[in-house]
Each structure stands twice: as structure tokens, then as C-alpha cells.
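Chemist: give me the fold of what follows.
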Amino acid sequence: MKFITDGMLGKLTRWLRMLGHDVEYISSMDDKELIQKTRKEGRILLTRDVELYRQAIAKGAEAFLLGSPNQTANLASLAKRFGFKLEVNVRVSRCPKCNGEISVVSKSSVAKEIPPTTRSNYDDFWQCRSCGQIYWRGAHWKKINKTLDEAKRTLVK
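Modeler: Now for the predicted structure:
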């Protein structure tokens, strides 16, 4: 899916990218330009701004109003509305930082760029084709899974 998010949704943007969605984050653009960009690129505008949402709908842009400051609740409502899974699949994940595509890389190709403890504890690595950021399933992975599991439970309620 292709989304566009406003300045209030930086963290949610990163989550959606990890889930494999093409998400453009716009931190500073006036509402009129943001709506035009949404329509021109065929994206879905995600926002917590009621007025921006109303304007977007009135101008024929597809938009979704998020009602919670809670990431877990927002992930659940988006998954329900747009029918996507709350699972990270690294084959389709995008770079949380820049939205670029990521691909599998060998440990040896990134060995000089990662901390020694990471080299000794992990074998699977991915790298963003755009910004070069390197990823692995480190200690933070438990927190990622916990958040997604909570969102999944919210969907069931």
C-alpha cells in the first residue's frame, strides 16, 4: 500500500515501512499541497488532524483519520481498515528511516560497518539500497513483536 503521513505520525510511519508499506512522511508542507500530493501520487493520507482529514475528503483524496495517540491502537485500526497483516516480513519490509527497499546482505559484506558484538551474535543482515542503513534482528526484536502482538489482540476485540 502507498500512504502519506503528516508530521504527527513519524513513529507510525516507521512501523508501516517495517510492515512493507511505501510511506512518504511529510513533516512540513501546508495542507493544500499535502492533499494535492496525496491525490497526484495515488496515496492514502493518514493523519490525526481532523481538519486536514475533512479537507482531503472534500477534495477527493483518500484519507484515514487516526483517533489515538497510541501506536498499537493505530496499527490495529489500519490493519483492520486496509486488510494487511501485522507481521514483519523482511522480504518486503522497507527502510524505517528513508522508505527505501532493503535487501539481504552477507555478514562479510557489512562486517566492518557493524559493532563487534553484533558480528559475533548475529548472522542475518539486511541493508537499505537507498541510505545504506544496516538491519538485523537484535535485542529490540522482542519489543517489535510485543507491539505487533498487542495490536493483533486489539483486532480480535
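Chemist: quick check: residue 60 is in a helix.
Modeler: No. Assessed with DSSP: H, G, I helix; E, B strand; the rest coil, residue 60 is coil; it does not lie in a helix.
Chemist: contacting residues around the closest residue to it other than its chain neighbours?
Modeler: Nearest non-adjacent residue to residue 60, counting by Cβ to Cβ, 6 or more residues apart in numbering: residue 39, 6.6 Å away. C-beta coordinates here come from the backbone N, C-alpha and C atoms, glycine included. By Cβ atoms under 8 Å, 6 or more residues apart in numbering, the contact list for residue 39 reads 59-61.
Chemist: measure residue 39 to residue 33 for me?
Modeler: In this view, residue 39 and residue 33 are 11 Å apart by Cβ to Cβ, to the nearest Å.
Chemist: and the helix ranked longest in the chain, what does it pack onto?
Modeler: The single longest helix within the chain, with elements called by DSSP state H, is helix 141-156. Secondary-structure packing of helix 141-156 (3 or more Cβ pairs under 8 Å, 6 or more residues apart in numbering; DSSP states H and E): helix 71-82.
Chemist: understood, closing this out.
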